[in-house]
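here's a sequence, model it:
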Amino acid sequence: MNAHELMLAAAAGAVSLALSAVLWALAQRRAADRRVAALNARIRQLEVGAEAAQASAEAFDSALLAVEDGQALLASGGESLSVVCEALGLAQADPQYVLNALMRADPDHARRLRGLFERGEACAFEVKGPAGVVTVEGRAAGALAWLRVSAVLGEDQGLPTAPRFVAFLNARTNPAWIAAADGSPVWVNAAWLKAVDAGSLDEAARRGVAFDRGADAIASEAANMGQRREAVRWLSLAGRRRAFLISAQPLEGGGVGVWTDDVTDLEEAREETKRNVEAHDETLNRIDDAVVIFDRAKRLSFHNTAFAELWGVEPAWLTERPTHGEILDRLRQRRRLPETADYAKWKAAELARYEQLEAQPDDMWSLPDGRTLRVVRQAHPMGGLLLLFADITGELKMKAQYNALIQVQQATLDKLSDAVAVFGSDGRLRLHNESFEQFWNITPLQLEAAGDFEGVVELCVPKLHDMAFWKELKGRVADPDPAARMPITGEAQTSDDRIIEYRTRPLPDGATLIAFTDVTDARRLQSALTDREQALSEAERLKRDFVGNVSYELRTPLTTIIGYSELLEHAGDGLPERARGYAASVKAAATQLARSIDDVLDMAQIDADEMALDLAEVNVADLLIDVASRWRAEAEPHKVSLVLERPHEVGVIRGDRRRLAQVLDHLMENAIAQTPPGGTVTLAARKGLSEVQLQVSDTGRGIPFHVQAHIFDRFIGRERGGPGLGLALVKAITELHGGWVALESEPGAGATFTCHLPEEAHAVSQPELGFAS
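Numbers count the residues shown, from 1 in each chain. Below you'll find the model as predicted:
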């Protein structure tokens, strides 16, 4: 490369360098311009902020002091500083004078200020000056300490500052807060945070909790309407149901102040009072008497159901709360008030009772429809008048009836021969009859003067000296123990040798009735009857012994007679025909006499209640066969047909076979004897409901009606031979089995005897049967 090229290259490089330097200078110039513009903007912003701070300080009547190394400088608020100096009584508006005055005002204030200057501790307090109150707030920023001071002069000097007001609200035990227009809290006191269990309002907002959504709605309603709103809300707080009075008041400048008061006790008392009033009204509605209450204005405030029913007034009209006078006028129109010559005067007197404070006597109203009312008036505690109407028509009627009954009772007692006296639980003589006076030889005046039981005893002691007797009677009258007032009956003897019977009876009303009866003649007669009864019993015993002995003594010779007659009967041809007939007659007579003796002994056993049944299972069919076979031979000589009806379904019964056979033997004997030749006797058995019927019927001459009523009595039918005890034994033995005997007969149409026997017979005691005299 030659020199020329080198020069050209150097020139080109120089030009390039110059261009680069120019471009770099332009870039730096532009960057510097931007920095200058930003700095100018920042300066303008700071100037605006300073102006705004100055304006705000001036706007809020506060002065801002900067303190460094104990020297105070005014940052803003010269006019406010002058007001502060005036409140502190300083002649010159100097920041240093203000700081010195604050240090001297109170040792506590000086301590707080030194804490701010030396350690940067924030502080806030108030200083009371000669002309006003100065509020001080201190904050530290870097090496400077800032004090904002403001003063309140005149009437406003008693108003608290915001911190003091916050402290005041936090001291409340009930929640209080400031809400926005939508009801959401923007500031709350400590009680609100405690109620929702939150550390701050922001925490409560994050958790979505609130003291009461209904209270928030009340605050929103107050903000929207621009009016104070109040309501009582029941909330669950600390595990207990409590009532709060929520008061929401729109605030000047926006927002709603919400204030709560715990009115649980008041609301509970109000609810209790309401329940008591409702219970009182319900009680009044349940009573039969008519009750009406008028208020101070003499207007109806309450009436029960009985009031409308008593007067026949429409309930719908009563709900309109008419006045007392209007109700009286309507009742008079319907003729339901007492008749009076001057109604206006009577009405005025009724309405004038509202001004009477003393107790008013009860009235009696006689209504045109015949009813009688008792009217009770009473001043109402809440003002007005309470009236009670009781329909005593029935009561008066019952009282009249009671008096009539007392008169009838007295007249009845006077007609009694027994001496009767009634003593009350207090021992007073309430009632006695004329026989009581005659019994103890006492006059009515003496009894009236005696008065009580002790006095009556003194009048009766001359006739009956036993004081223990009177003491026992007194216990029956005056002792409150129910066991001591139990009825007693006894006898005593008077000084004139009378035997008296006394009786005490407690009455339902607590009184005691004592009756005395002269039983002297009755006891003498009773003694005579007792002696006679003993004599009769002894005679009856002798009779039974005689019958038993005679029957036993007769059995021995009869056995001999029957035995020899049978021997002669079996002798055959050794005896002539007539002798054999005589022997047969002797045997028949002896046999009949033996059976009669057996009947007498059986009846004697029954009379003495000594006959015992040998109960066992008895086959009814076998029993009928045995009886029919025995009596078939007896029926043939009389040319009487014997028919046996033997139903197989009868089965067995529980009874005494020998005695049942004895019953059927007597019935068969009676039927054969009453049936003429050619007649029929039927022996049958039937099964009924829980019983078996043994039946014997014949086609004989029947039994006359006048005899049927006594057919089972003793000694009936003696004209046929024997003692006449057969049918009486039939009845007695059947009843011993727990059954009964029926007779069906018509004269000329035969007779049917039916023994009704239970399937499960039990031995029944037979009452004593006496022989007919």
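
report the buried residues of stretch 200-213.
Within stretch 200-213, the residues that qualify as buried by neighbour count (16 or more other CB atoms under 10 Å) are L201, A204, A210, F211, D212. In this view, the C-beta of every residue, glycine as well, is placed from N, C-alpha and C.

for K194, see how far away the nearest residue to the third one once chain neighbours are set aside is.
Residue nearest to A210 in three dimensions, not counting chain neighbours: D216, with 6.0 Å by CB to CB, 6 or more residues apart in numbering. Here the criterion is CB to CB, to the nearest Å. By it, D216 lies 18 Å from K194.

comparing these two, which residue is more hemmed in?
For the pair D216 and K194, the greater number of neighbours falls to D216 (22 against 13), based on other CB atoms under 10 Å.

surely that one is in a strand?
No. The assignment for D216 (DSSP: H, G, I helix; E, B strand; the rest coil) gives helix, which keeps it out of a strand.

export the buried residues of stretch 200-213 as JSON lines, with columns for distance to T675 and secondary structure.
Putting the buried residues of stretch 200-213 into JSON lines (distance: CB to CB, whole Å; DSSP: H, G, I helix; E, B strand; the rest coil) gives the following:
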{"residue": "L201", "distance to T675": "128", "secondary structure": "helix"}
{"residue": "A204", "distance to T675": "123", "secondary structure": "helix"}
{"residue": "A210", "distance to T675": "119", "secondary structure": "coil"}
{"residue": "F211", "distance to T675": "119", "secondary structure": "coil"}
{"residue": "D212", "distance to T675": "115", "secondary structure": "coil"}
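
out of these, who's nearest A421?
Nearest to A421 out of the buried residues of stretch 200-213 is D212 (CB to CB; 78.9 Å).

pretty sure that closest one is touching W234, no?
No. With contacts counted by CB atoms under 8 Å, D212 stays clear of W234, the gap being 9.7 Å.

what about H706, distance to P747?
If you measure H706 against P747 using CB to CB, the figure is 10 Å.

how close does the residue lying closest to R334 once chain neighbours are set aside get to I327?
Distances taken as CB to CB, 6+ apart place G312 nearest to R334, at 7.1 Å, with adjacent residues excluded. With the distance defined as CB to CB, G312 ends up 12 Å from I327.

what of V696?
Between V696 and I327 the distance, using CB to CB, works out to 92 Å.

looking at these two, which one has more neighbours?
The neighbour count for V696 versus I327, taken as other CB under 10 Å, is higher for V696 (25 against 20).

pLDDT (mean, whole number) over the biggest helix by length in the chain?
Among the elements of type helix in the chain, defined by DSSP state H, the one spanning the most residues is helix 3-59. When the per-residue pLDDT values of helix 3-59 are averaged, the result is 74.

quick one, strands of the stretch 101-250 of the chain?
Assigned strands in the stretch 101-250 of the chain, in chain order: 123-128, 132-141, 144-153, 176-179, 185-188, 229-237, 240-250 (criterion: DSSP state E, counting those that start in this stretch).

for the stretch 251-400 of the chain, give me the ranges with low pLDDT.
The stretch 251-400 of the chain contains no residues with pLDDT under 70.

ranges for the strands of it?
According to DSSP E, counting those that start in this stretch, the strands that the stretch 251-400 of the chain contains are 256-262, 290-294, 300-303, 363-366, 372-379, 385-391.

would you confirm that E634 contacts I672?
Yes. Using CB under 8 Å, E634 makes contact with I672 at a distance of 6.1 Å.

quick one, which of the strands of the stretch 251-400 of the chain gets closest to R485.
When the strands of the stretch 251-400 of the chain are ranked by distance to R485, counting by CB to CB, first place goes to strand 385-391 at 35.4 Å.

one step back: which pLDDT value goes with the residue nearest to A210?
D216 is assigned a pLDDT of 91 by the prediction.

contacts only, for it.
Contact criterion CB atoms under 8 Å, 6 or more residues apart in numbering gives A179, G183, S184, P185, A210 as the residues in contact with D216.

which residue packs closest to the third one, ignoring adjacent ones?
Which is S184. If you skip the residues right next to it in sequence, S184 has D216 as its closest partner in space, 6.5 Å away by CB to CB, 6+ apart.

distance of the one you found relative to G183?
From D216 across to G183, the span is 4 Å (CB to CB).

what do you get for G510?
With distances taken as CB to CB, G510 is found 73 Å from G183.
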